[in-house]
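Peer 1: Predicted model and sequence follow; I will ask about them next.
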Amino acid sequence: MKKRLKKLGLLAAICLVAGASLAPFLCFVSLAFKTEAQVTTIPPDLWPDFSLTFFRSAVVRYGVFHYLFNSVIVAGVTTVITVTMATLAAYGLARLSTSLAKAILMGILACAMFPQISIVGPIWRILRTVGWLNTYQGIILPYVALTLPLAVWILAVFIREIPEELEAAALVDGCTRLGALWRVILPLAVPGLFTACILCFIHAWNEFFLALLILTDPAKQTMPVGIALFQGDYIVPWGEIAAASFITTAPLVLLVLLFQRRIVSGLSAGAIKG
């Protein structure tokens, strides 16, 4: 009886947490598929008519696909650069002595702890000096700097657990260090690579604060900034904002659902083996 009560209590707690987490998401999804009349209905109409009015308005009037294109470029290039650099750095750290590698990793992780508000001023002045405001490279490089510590940490912990004997055998067979990394280490580190790629992509896709300050030109703004700056004639266009938010969120949800096993495998392996 006690075990059943515990299970019921645990199930109720899980349902409560899941409901609280999903409630905002379900609210804006419902709003995105409503009609204009339903948005102002009192009391609120919870069940939408599954109209595409707000989606058409977000695409035609606000050019949401333009912001989506910018976000794909920024997040994609950021992920490629970050994971490439993190792989090389993590490989070197994984083969260092344990005490020195831990000290360097702690220093790298400490650099990621600075709040964005404390570094945005110097970043903005540097970008203005070199003329990189309102450019892709001007937002990609700060994103790389912000996501690199986490990627290095994940990959270093994962690569450290790959037996060095496999790499030594590849070197004996004539591989160079880079050849052994490419042919032996990376195939075994695929779960960690997937985890680092997806986390870097999600961070660059969702980041708002730096993008708002660096990308003031609408031609280069990403989705979070573009959505935040939607303007209506007399009221806030909540329907279009909800529709654009759905377009922004859906790819990430699908990405996580498709690769959830690899993500969990990479994170859990690093946590357990580290």
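Peer 2: Great, that's in hand. Residues are numbered from 1 along each chain as shown.

Peer 1: Find me the pLDDT at residue 233, would you?
Peer 2: You'll see residue 233 listed with a pLDDT of 66.

Peer 1: out of everything not next to it in sequence, what's closest to the residue positioned nearest the centre of the chain?
Peer 2: Taking CA atoms, centre = their mean, the centroid of the chain lies closest to residue 202, which sits 1.3 Å from it. Spatial nearest neighbour of residue 202, excluding adjacent residues (CB to CB, 6 or more residues apart in numbering): residue 252 at 6.0 Å. Glycine gets a C-beta too; all of them are placed from N, C-alpha and C.

Peer 1: wait, that neighbour sits on residue 204?
Peer 2: No. Assessed by CB atoms under 8 Å, residue 252 is found out of contact with residue 204, at 11.3 Å.

Peer 1: Which helix or which strand is home to the residue nearest to the centre of the chain?
Peer 2: helix 190-206 (DSSP states H and E).

Peer 1: which helices and strands sit right next to that helix?
Peer 2: Contact analysis of helix 190-206 by 3 or more CB pairs under 8 Å, 6 or more residues apart in numbering; DSSP states H and E lists helix 64-94, helix 136-160, helix 238-258, helix 260-273 as its packing neighbours.

Peer 1: most neighbours per residue, which of those helices?
Peer 2: Comparing the helices and strands packed on helix 190-206 by mean neighbour count (mean count of other CB atoms under 10 Å), helix 136-160 comes out on top with a mean of 22.

Peer 1: Look up how far residue 183 lies from the residue nearest to residue 158 when sequence neighbours are not counted.
Peer 2: Leaving aside its sequence neighbours, residue 158 sits nearest to residue 192 (CB to CB, 6+ apart; 3.4 Å). Distance, residue 192 to residue 183, by CB to CB, to the nearest Å: 17 Å.

Peer 1: now swap in residue 213 and tell me
Peer 2: To residue 183, residue 213 is 43 Å away according to CB to CB.

Peer 1: now residue 174
Peer 2: Computed as CB to CB, the residue 174 to residue 183 distance reads 11 Å.

Peer 1: likewise residue 48?
Peer 2: Computed as CB to CB, the residue 48 to residue 183 distance reads 52 Å.

Peer 1: next one: residue 99
Peer 2: Distance, residue 99 to residue 183, by CB to CB: 30 Å.

Peer 1: between those two, which one's more packed in?
Peer 2: The residue with more neighbours, out of residue 99 and residue 183, is residue 183; 13 against 8, by other CB atoms under 10 Å.

Peer 1: Could you list the low-pLDDT ranges of the stretch 101-250 of the chain?
Peer 2: For the stretch 101-250 of the chain, applying pLDDT under 70 flags the ranges 233.
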